[in-house]
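[1] take this sequence and fold it.
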Amino acid sequence: MHLDKAKKRIAKQLKKGFHGYPSITLEYFGATPAMASELVISFITEEGAEPQIQKFVCDQDAREDETIQTTLVKIIERAEVVSLTEVSGVSIIKG
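    Coordinates of the predicted model:
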C-alpha cells in the first residue's frame, strides 16, 4: 500500500472519533516537534482493560514511513478497531 493511501485511511478513521471498543490510541515521539522517530500504539479491547502497547522506532519521521503507516492500517483492520484516536503533535523524548 502506498504511503498516501495509508495516511488517508488512517485520517478517515481518526475523523470518526471515539465510538467504543476495541480502540487504538496513537502517540508519536521524537527529539524535536518536527521529527517523530517513534510511534507508540495503545490497543484497548474493552473499557477498563489494560492497554497492549506496541512501539515502532525508525531513523526517519515515523509519520512519513510507508512501512510503519501500512502496518498500522493492517493492525487497525485485523483488530477490527471501532475507535482510533491520536495524541496531537509530537511528544518530546527527554533524556
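
[2] centre of the chain versus the helix or strand harbouring I41, how much separation?
    Assigned by DSSP states H and E, I41 belongs to strand 38-44. In terms of CA atoms, centre = their mean, to the nearest Å, the centre of strand 38-44 is found 6 Å from the chain centre.

[3] given it, what are its sheet partners and their directions?
    In its sheet, strand 38-44 lies beside strand 23-30 (antiparallel), strand 52-57 (antiparallel), with partners assigned from DSSP bridges.

[4] any idea how far the last one is from the middle of the chain?
    On the basis of CA atoms, centre = their mean, strand 52-57 is displaced by 9 Å from the centre of the chain it belongs to.

[5] I'd like the next helix or strand past that strand.
    Sequence order places helix 66-78 as the next helix or strand after strand 52-57, per DSSP H and E.

[6] quick one on the thing from earlier: out of the strands paired with strand 38-44, flag the one nearest V90.
    Distances from V90 to each of these were compared using CB to CB; the shortest belongs to strand 23-30, at 4.7 Å. Heads up, the C-betas are built off the backbone N, CA and C, glycines and all.
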